[in-house]
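*Asks:* return atomic coordinates for the entry below.
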Amino acid sequence: LNGRGRFCSRAVETYVSGRVVTTLRAPAGGAWISINSSDPLRARVSGVTIREGEQSAPFGIYLAPNWSGELTLTASAGGVTQPIALTVEPPSVCTLGPDLSISTSIGACVDCLRVSWLNNAGDIFGELDGQPVFQRRDWKKPRPLREVFLLSGDQINPYKLNNQGQLFGSLVAKNRKAGFFVDMAVDAKPISFPMVFEDTDLAGANDLGVVVGTRSSSTGPIAFYSNGREQVDIPIKTEWSRAVSVNNREEVLGNFVDGKRIRRPFVFYQGKVEPIEIANGNSTATALSEAGHVVGFWPANGQIVGFLARRSPKGGWDTIEIGGMPGFDEILPAAVNSFGAVVGTARSKQGSTTAFLYSAQTGIIDLNKALNPDLSVVAGAMNNPRILAALTINDTNEVVVVGELNGKEVRFILQLNNASRGKEVIQ
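*Replies:* Residues are numbered from 1 along each chain as shown. Here you go, the predicted structure:
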C-alpha cells in the first residue's frame with residue numbers, strides 16, 4: 001500500500017493510494033475484492049473490481065484530519081482473506097523541523113538511472129542509457145518503456161507519475177503532438193489502453209484518474225480537465241489559460257491572463273474558478289499539494305521571488321514570500337508536499353544555480369550546505385556531488401535533485417528527516 005506501512009495524516013482529510021494485487025488474472029466479468037477497515041469512522045475505504053484479464057486495481061483510503069493510530073485493512077475474495085496493518089502518524093511527524101538531516105536514497109553516479117520524478121509510493125521514472133524507463137519501488141531494476149508501452153510515436157516523453165504509478169506525458173507521431181495517460185500496473189505491462197488527448201499538453205493526473213492539461217484552439221491555449229468520460233474546458237473567460245496540476249480533492253491549479261493582461265494563478269474547484277490574489281501583480285503558479293498549498297513566483301525589483309499560498313480560514317488566500325538566498329537573484333519553486341515543504345532552484349544573474357528547501361519551520365535552506373558530507377559518499381560515486389536543482393518532493397520528504405559530478409550531470413534522491421525523530425518513521 002503505497003509501498004509503505006506508515007503514513008502521516010494532514011490537517012485536512014488525507015487520501016492514501018493503495019492497489020490490490022492478485023496472483024491470478026480476473027475471470028470474465030471481473031473479480032470483486034471486498035476491503036474493510038478496522039476503524040471505518042476515521043479510515044474510510046471501499047471495495048474494488050479488478051477488470052477481466054487483469055491482476056490489480058487501485059483503491060483509496062480517506063483518513064480523518066489530524067488522526068493518528070493503528071489501523072488494519074482486510075481484503076477478501078473467493079474465501080481468501082488478507083489483512084495489512086498500518087500506522088497513521090500525526091502531521092507533526094512528517095513536518096520538517098529545524099533539526100533537519102539528509103541522507104541519499106539513490107546514489108549519484110554518472111552511469112546511474114537519471115531520475116526525473118518520484119511519487120509517494122517510491123515509484124520512479126527517468127532515463128537510462130538514453131531511454132525512458134519506469135521502476136516500481138519493489139523492483140530490482142528499471143524497465144525500458146519501449147518494451148512495455150502500447151503507444152507508438154516518433155517521440156515518447158514521460159512527464160510525471162501519480163501515486164498509483166500511472167504515467168502521463170506527451171508524444172509526437174507523424175508531426176502531431178498529443179498527451180497520453182497510462183496505468184503501468186505492477187508488472188510493467190499497461191493494464192489499460194492509454195488515453196490519448198490530441199493536440200494537448202498534459203500537466204497533471206491525480207490518483208482517481210482525473211487528468212488536466214492545456215489544449216490548442218484558434219483563440220489561444222485553454223485549460224481543461226478530463227475524468228475519463230468527458231473532457232471539459234475550465235470555464236474562465238480569458239485570452240489564454242494553462243492547467244498546472246490537480247490533487248485528489250479535485251482542485252485544479254492553473255494560470256491565466258486577466259483583462260489587464262496580468263498573469264495570475266487560479267484554482268478551479270467544485271465548478272468554480274477562484275483567482276489567487278497576489279499583491280505584486282504578475283505571478284505564476286508552479287505546483288499544488290494534496291493539502292491545497294500553492295507555490296509559484298513573481299517578479300519584483302529586478303528579482304524573481306518565490307511564494308507559498310494557502311486558503312485563509314476567513315476566505316481568500318494567505319500568501320507567504322519565500323525568503324531570498326545570498327548570491328542568488330531568482331527563487332523558483334518547483335514542488336510542494338502536503339506538509340508545506342517546498343523545493344526548487346535558486347539562480348544568480350551569472351547563471352549559477354543551487355537547490356533549496358523551504359518550510360515554515362526551517363526557513364529557506366541551500367541543500368548543498370545541508371547535505372551531510374559523510375552521507376554524500378555512495379558506492380560507485382566520488383565524494384560531494386554538487387546539487388544544482390531540485391525537481392520534486394513527495395509526502396515522505398524524498399527529493400529528486402539534479403547534480404554535477406566530475407563535470408557531468410547526475411540525478412539522485414535525498415531523504416530529508418528530522419534528526420530527533422529518526423528517519424525510520426518516514427522511510
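
*Asks:* quick check: next helix or strand after the helix or strand of the chain with the lowest mean pLDDT?
*Replies:* Ranking every helix and strand in the chain by mean pLDDT, DSSP states H and E puts strand 100-106 at the bottom, with a mean of 59. Downstream of strand 100-106, the first helix or strand assigned by DSSP states H and E is strand 114-118.

*Asks:* show me the contact partners of that following strand.
*Replies:* 106, 124-128, 158-161, 391-392, 394, 398, 400, 409-413 (C-beta atoms under 8 Å, 6 or more residues apart in numbering). (Each C-beta comes from the backbone N, C-alpha and C, glycine too.)

*Asks:* in strands, which of those residues fall?
*Replies:* The members of those that map onto strands under DSSP state E are 106, 124-128, 158-161, 391-392, 398, 400, 409-413.

*Asks:* would you mind listing which of the residues you listed are buried?
*Replies:* With burial judged by 16 or more other C-beta atoms under 10 Å, the buried subset of the ones in strands among the contacts of strand 114-118 is 106, 124-128, 158-161, 391-392, 398, 400, 410-413.

*Asks:* host element of Ser170?
*Replies:* strand 166-173.

*Asks:* tabulate the CA atom coordinates of that strand in CSV.
*Replies:* Extracted in CSV, the C-alpha atoms of strand 166-173 (Å, rounded to 0.1, in the frame of the first residue of the first chain):
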residue,chain,number,x,y,z
GLN,A,166,0.0,5.9,-13.6
LEU,A,167,2.3,7.7,-16.1
PHE,A,168,1.4,10.7,-18.2
GLY,A,169,3.3,12.9,-20.7
SER,A,170,3.5,13.7,-24.4
LEU,A,171,4.2,12.0,-27.6
VAL,A,172,4.8,13.1,-31.2
ALA,A,173,3.6,10.9,-34.1
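
*Asks:* dump the residue contacts of the residue nearest the centre of the chain.
*Replies:* In the chain, the C-alpha nearest the mean C-alpha coordinate belongs to Asn119, at 5.4 Å (C-alpha atoms, centre = their mean). Counting by C-beta under 8 Å, 6+ apart, Asn119 touches Leu161, Asn162, Asn163, Gly165, Asn394.

*Asks:* and for Val400?
*Replies:* With C-beta under 8 Å, 6+ apart, Val400 has these contacts: Val115, Ser116, Trp117, Leu118, Ile124, Ala390, Leu391, Thr392, Ile393, Arg411, Phe412, Ile413.

*Asks:* again, only using 10 Å
*Replies:* 105-106, 114-118, 124, 126, 334-335, 343, 355, 389-394, 411-414 (C-beta atoms under 10 Å, 6 or more residues apart in numbering).
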